[in-house]
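> Return atomic coordinates for the entry below.
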Amino acid sequence: MSDRKYTDQEIAFIIGLKEGDSLSWEEITDKFNKKFGTDLNSPAVTQLYHRYKHMFDAQDYHIKVLKDIHRIKKNNRYTARDFREVLDKWNQRDDILEAIREAALSIGKGLKQKPISIKKLPKTSKKKIGMTKELLLSDIHFGKLVEMDDSVSGHKTVTFNLEILKKRLKEVTDVTLKEIARDQAHYNVERLIIALLGDIIESYTMHNLESARGCEFGNSRQVYEAMKNIFELVIRPLAETGIEIVVPAVAGNHDRTESGRTFNLPGEENVTFIIYNGLKDYCDIAGLKNVKFIIPTVPWAILNIYGKNVLYEHGDNAKGADRKALEDLMTRRANELKTHIEWLRIGHFHCQTVYGLYTSMINGSFPGDDSYALIKGFKSEACQTLNSYVNTTSRPSPFYKSLVIQLDHIK
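Numbering: from 1, shown residues only. Modelled structure (predicted):
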C-alpha cells in the first residue's frame, strides 16, 4: 500500500461499507475506486481498513469532521447519500452498543437482588436410563406488534407485543421445568438442549417502512429486550436446575438491520452474534458453569444425541416447508459436512409440522397469526416444542416423545 495520506471521508467510506453492508472486499474496492477516482487493489483496501478501523471509536473530533463533510456536500446528491448511510450505520451501531450496556446493567442488578441458586441434581440411578430434553425456541420476534380486527367489537385488538411475549416465554420455561421434574422420576435427565433457531428480533429496518409498521419499537431496544428476557426468563431458571445445558444458536432472516440478506458469515454479521455472545457472557459472569453455547458463523449447528446427529437451522435456506424440501436440505448439509444427519429442526415457517418419525420438524412461533399470514392465506398457532430422547438401544431411534407447548391462550 502506498504511503499517501487518506482523508477522513475515504477511511469512513471503507469502514462504513465493511461494517454496514454484506460486501466482499472486491466489491468494496470497486466502490471505493469509483467514488474517489483511485486504482487501489483489494489487499490495499483491506490493509487500510484494518489499520484505521478503530479510528472513530472514541474520537468525537472525527465524528464532527464527518458531520461537517456531510453538511458541506449536501448539494451533491450522490455524496450526501453515501455519507448519510455511513453516519446512520454508526449511529445504529452506537445505539445497539448502548442497548447492550443497558441490558448488562439490568441483568447485573437482578443478580445482586436475587443471586443464582443452583440446585443439586438427583443422584443418578443405575435403574434409570439417560434422557436428553430438547427445547426448540424460534421465531420469537422481539419488537413485533400484532393488531388484529376483533370480529365482535370491530376494533383492533393487540394480540402480540412485548408484554404478551414475556408471558409466553415464561410459560415455555414453566412447562419445561414441570416436564423435567415429571420425567426425573423415571429417567436420569442429564442434558437440556435449548435450540435458539433464529428470528430472535422482528427488525425495524429489514423491509424499511413496511417493517417499521409492524414494530412496537426499534432495533436497539429489540436487541436489549432479547438479551435481558431470554436470560432472565429462560436460561437462568432452567440453568438453576443444575442440568447440563447446551445452546446451539443460529441466525434467522429477520436478525438483521439491512434490507438485503447477507450470505457472508450470517452467524457473525447479524445481530444474533451480539445477542448470543452477550447471553454467553452473562452466563459466564453469573457463574452458570453448566451452560455451554455453540454460536456458528454458518447458518447451521450440529449436535450429537445418543450417537445420532441433529441439524439445527433457521429454515430460510429450505426451498419450501414440504417434506421433500426439508429432506433436500438435510441431504445438502450431509454432503457438505460429510456426515449422516438423523434429524432436522428448523423454524421460519411459523407452523408446527412433523414429517416421518419426527425426522424433520418445523417449530411454531411466538406471535402466531398476523396480518401477513392472513393476507397470504397461512395459518399459524403460537407454540413451541419440547422433545425428549432416551439413551436406549432397544429400538432404532432414541427419539422418545414430543410436546407442543401451546401459547395462543397467553394474552
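> What strand or helix carries residue 357?
Counting by DSSP states H and E, there is no helix or strand that carries residue 357.
> now it, nearest residue through space, not along the chain?
residue 397 (6.2 Å; CB to CB, 6 or more residues apart in numbering). Quick note: C-beta positions are derived from backbone N, CA and C, even for glycine.
> did I read that right, that neighbour in a helix?
No: read with DSSP: H, G, I helix; E, B strand; the rest coil, residue 397 is coil and lies in no helix.
> need the helices for this protein, in chain order.
Under the criterion DSSP state H, the chain carries helices at the ranges 8-20, 25-36, 42-52, 60-72, 77-113, 162-183, 209-213, 219-230, 236-239, 266-269, 272-286, 323-337, 371-376.
> deepest of those, which one?
For the helices of the chain, the largest average neighbour count (mean count of other CB atoms under 10 Å) is found in helix 219-230, namely a mean of 24.
> quick revisit: next, work out how far apart the residue nearest to residue 357 and residue 305 are.
As defined by CB to CB, to the nearest Å, residue 397 lies at a distance of 10 Å from residue 305.
> Comparing the two, which residue is more hemmed in?
Between residue 397 and residue 305, counted using other CB atoms under 10 Å, the more crowded position is residue 305 (20 against 15).
> So for the more buried one, what pLDDT did the model give?
The confidence metric pLDDT takes the value 97 at residue 305.
> How about residue 69?
49.
> Ok, residue 263 next?
We note a pLDDT of 81 for residue 263 in this prediction.
> Centre of the chain to stretch 250-265, how far?
10 Å (CA atoms, centre = their mean, to the nearest Å).
> Compute the first-to-last residue distance for it.
11 Å (CA to CA, to the nearest Å).
> Kindly reformat the helices of the chain as JSON lines containing distance to residue 345.
Converted to JSON lines, the helices of the chain look like this (distance: least, CB to CB, whole Å):
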{"stretch": "helix 8-20", "distance to residue 345": "32"}
{"stretch": "helix 25-36", "distance to residue 345": "34"}
{"stretch": "helix 42-52", "distance to residue 345": "37"}
{"stretch": "helix 60-72", "distance to residue 345": "44"}
{"stretch": "helix 77-113", "distance to residue 345": "27"}
{"stretch": "helix 162-183", "distance to residue 345": "16"}
{"stretch": "helix 209-213", "distance to residue 345": "26"}
{"stretch": "helix 219-230", "distance to residue 345": "18"}
{"stretch": "helix 236-239", "distance to residue 345": "18"}
{"stretch": "helix 266-269", "distance to residue 345": "16"}
{"stretch": "helix 272-286", "distance to residue 345": "16"}
{"stretch": "helix 323-337", "distance to residue 345": "10"}
{"stretch": "helix 371-376", "distance to residue 345": "22"}
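> how about the ones you listed, which one is nearest residue 126?
Between residue 126 and the helices of the chain, the shortest separation by CB to CB is 17.1 Å, and it involves helix 162-183.
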